[in-house]
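In: output the structure for:
(chains A and B)
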There are 2 protein chains.
Amino acid sequence: MPVNLKPPVAAQLLPVPGVALGIARAGIRKANRRDLLLIRLDEGAAVAGVFTQNRFCAAPVIVCREHLEGTGIRALVVNTGIANAGTGAPGMQAARDTCAAAARLLGCAPQQVLPFSTGVIMEPLPVERLVAGLPACVADLRESNWDAAAEAIMTTDTLPKAVSRKVSLGGTAVTITGIAKGAGMIRPNMATMLGFVATDASVAQPVLEQLVREAADASFNCITVDGDTSTNDSFMLIASGRAGNAPIADVASEGYAALKEAVTAVAAELAQAIVRDGEGATKFITVAVQGGRDIAECKAVGYAIGHSPLVKTAFFASDPNLGRILAAIGNAGIADLDVARLKLWLDEVLVAENGGPAASYREGEGARVMKQEEITVRIDLARGDAQATVWTCDFSYDYVKINADYRS
Amino acid sequence: MPVNLKPPVAAQLLPVPGVALGIARAGIRKANRRDLLLIRLDEGAAVAGVFTQNRFCAAPVIVCREHLEGTGIRALVVNTGIANAGTGAPGMQAARDTCAAAARLLGCAPQQVLPFSTGVIMEPLPVERLVAGLPACVADLRESNWDAAAEAIMTTDTLPKAVSRKVSLGGTAVTITGIAKGAGMIRPNMATMLGFVATDASVAQPVLEQLVREAADASFNCITVDGDTSTNDSFMLIASGRAGNAPIADVASEGYAALKEAVTAVAAELAQAIVRDGEGATKFITVAVQGGRDIAECKAVGYAIGHSPLVKTAFFASDPNLGRILAAIGNAGIADLDVARLKLWLDEVLVAENGGPAASYREGEGARVMKQEEITVRIDLARGDAQATVWTCDFSYDYVKINADYRS
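Out: Predicted structure coming up:
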């Protein structure tokens, strides 16, 4: 039951010249579902990524980091069903075998292939099935395949997630198209479960590396469903360079600013789509924190609210039991927070000030906002100029149901 | 549906000489339930406490801290129904009025009274009803009232929680009796929602202050139900001094060690009772972490597991989806953790080693342990000699139900 989220319309997903996608049914974990994606890049594309901070990171994440130390990435291989995390040395071998198989088919080196996996942790990846499925991916390679690709990377997602934008860079039209998946184990620390955004803009490698971090910080690093950081989080940004713009080689340039705005918009829409499709979600909550000393403490307050099971169940119940939000703010770890100065709003309704309920607050007003599908919780910490936003969802019976049943 | 928890047997709760308890129905939030407790101490009792680290701490917590700077505490007043937290200046006045009213009835100064509240946050405390109920508490004062007191401090608890022990201090028999409440918003940072332990031992004030911290660290500070630290957490230790033992004035003494062991045992049993009665709990989980560099990192791993909604729903489902435990360990914030060295057991079953599933592990064995009502998750971090234990419960439909319905 995603919140105000529709499946992408295939015709509105813009191909990115230089980036082809092929999908297959490899039977990784279940039969007859699209579970294998190959993304082939033309020569000259730049690729940068950010990855999970989970210490039990997946074998493919380790291999990706290694291969990104080189240049000339030509392909990305993504499987769903098995995460290939918590799989020890055999898992590392499976990730390397995946790269080798794709390299043979595409005529490049294994180090030019990046592997990605998502699904159940601590179960072995049936790499022989993955390898057997790759030729079908190659046969299916098309630049117009973004919708099928978005579907192929789903696990507990109820809808595929894909977004396109166009932006002008010094008079040259540039396309940005991205896909993402994720519905649970969502509290990205560097990126989301899996997100892939491609543009045909020409961008120098070090600039692209800064861009992917900035875009992740303003999108995937602002969401939480359940506070659990995945072992496989990966957010990749691809610049094929085929648009013909003057290459962006300076982060202080106008071109960088324009591209950053567009890439961040795509990434933020994908990140929000993950929350809208959060496991069991019935509401989409924006937690906007202002007046902090720095961004870190604003995010800490946002996440304290976004992670509190008591706050999330109150949203599910549409119950304006808003003292739970105050308790969560108090738990955000700001040692010298003056609770008498902060203010709390629900949409436009001032709920709390001076350490207690606002004189103007009426519970009926709170109840009215709590019934909405989209709610903004706004907090002014009144101690500085920093601000940050966290997007999250509520916590329902269906979250428990989905996660009690996930493997069955 | 508490896990292996029975109500206390009144006859087994030992009176503590010098400590009398009186209960009343004050109608604080709901009519006709015991919701007000007065604990009267004879002159000469020592009292020490630890309190929540939540910045939005309740008005009574602020007043308790003030009054504990003085000496000669003669009474504690506890109400349920309304937490008197997030209530601003009127809440502070209500807490002070509570102390003044009890002081008038008992013939002491308001500064000799400690107030405690638990219940809904950000709603005003009807202090006039509380004050009107106090004379009935005074009329009910008896040293044998511990069972009724345990019942009077319940909120979403399904069972009262009370424990007694006897210990010999240098040949003198000493009694320890305690009560606690709490079932949700349980992740004590200094203490639990409300815990009161009394002994008739004679203990010097600075020694008692160390004892309450050490006992809390080994009991209430080891539990979590939902990761939400309450605004009202308070754990109080009372020493009436009536047993006639040689006063304990040195934390290096044998008497201190013996009393600490007994007080900690009482506090730990109360803390575990809170988890056994955790909102919606169907399983009691002990997370024992060893081989850490320090206690802090062992606790961090224990809490990362104890707070993960994915781990907790897997326990609820009896599903040995144990990769979720590895993911939680990886999220504990230990930057240099070597996942290839750690080991994970479920009871006596070795589940993971060398970064992946143990060669000897069979899913049937994991499934067998997961079906139990009591499960020990053991982790050896293999990087030091420190250890710590965290007690938690699973996460069920009923947690959502209880917290979606709490105010209704």
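In: so, low pLDDT: which residues of the stretch 201-350 of chain A?
Out: Within the stretch 201-350 of chain A, no range satisfies pLDDT under 70.
In: where exactly do the helices run in it?
Out: A:205-217, A:254-276, A:295-307, A:309-316, A:323-330 (DSSP state H, counting those that start in this stretch).
In: okay, now whichever residue of the stretch 101-250 of chain A sits closest to chain B: neighbour count?
Out: In the stretch 101-250 of chain A, the residue that lies nearest chain B is A:Ile121 (2.5 Å; CB to the nearest CB). Where you see a C-beta, it was placed from the backbone N, CA and C, and this is true even at glycine. Neighbour count for A:Ile121, taken as other CB atoms under 10 Å in any protein chain shown: 27.
In: residues contacting it?
Out: Residues near A:Ile121 by CB atoms under 8 Å, 6 or more residues apart in numbering or on different chains: A:56, A:83, A:85-86, A:231, B:321, B:323-324, B:326-327.
In: domains for chain A, by residue range?
Out: A:10-276, A:284-405 (automatic domain parsing).
In: do any residues in stretch A:288-302 lie close to chain B?
Out: No: using CB under 8 Å from any CB of the partner chain, stretch A:288-302 stays clear of chain B, with a minimum separation of 10.4 Å.
In: ok so, going back, single out the most deeply packed of the helices of the stretch 201-350 of chain A.
Out: helix A:323-330 (a mean of 28; mean count of other CB atoms under 10 Å in any protein chain shown).
In: which strands or helices does that one pack on?
Out: In terms of contacts (3 or more CB pairs under 8 Å, 6 or more residues apart in numbering or on different chains; DSSP states H and E), helix A:323-330 is packed against helix A:295-307, helix A:309-316, strand A:343-346.
In: show me the contacts for A:Lys30.
Out: For A:Lys30, the contact set (CB under 8 Å, 6+ apart) comprises A:Gly81.
In: what does the model give A:Met190 for pLDDT?
Out: Here, the pLDDT recorded for A:Met190 equals 46.
In: and for the one 5 residues further on?
Out: Model confidence at A:Gly195, expressed as pLDDT, equals 81.
In: in a strand, it, correct?
Out: Yes: membership of A:Gly195 in a strand is supported by DSSP: H, G, I helix; E, B strand; the rest coil.
In: neighbours around A:Met122, how many?
Out: The burial count for A:Met122: 29, using other CB under 10 Å.
In: please apply the same query to the one 4 residues further on.
Out: The number of residues packed near A:Pro126 is 17, by other CB under 10 Å.
In: what sits against it?
Out: By CB under 8 Å, 6+ apart, the neighbours of A:Pro126 are A:28, A:82.
In: could you do A:Pro15 as well?
Out: Residues in contact with A:Pro15 (CB under 8 Å, 6+ apart) are A:143-144, A:146, A:175, A:177.
In: buried only: go through the residues you listed for me.
Out: A:143, A:146, A:175, A:177 (16 or more other CB atoms under 10 Å in any protein chain shown).
In: quick check: the first one touching A:Leu21?
Out: Yes: counting by CB atoms under 8 Å, a contact exists between A:Glu143 and A:Leu21, whose distance comes to 7.4 Å.
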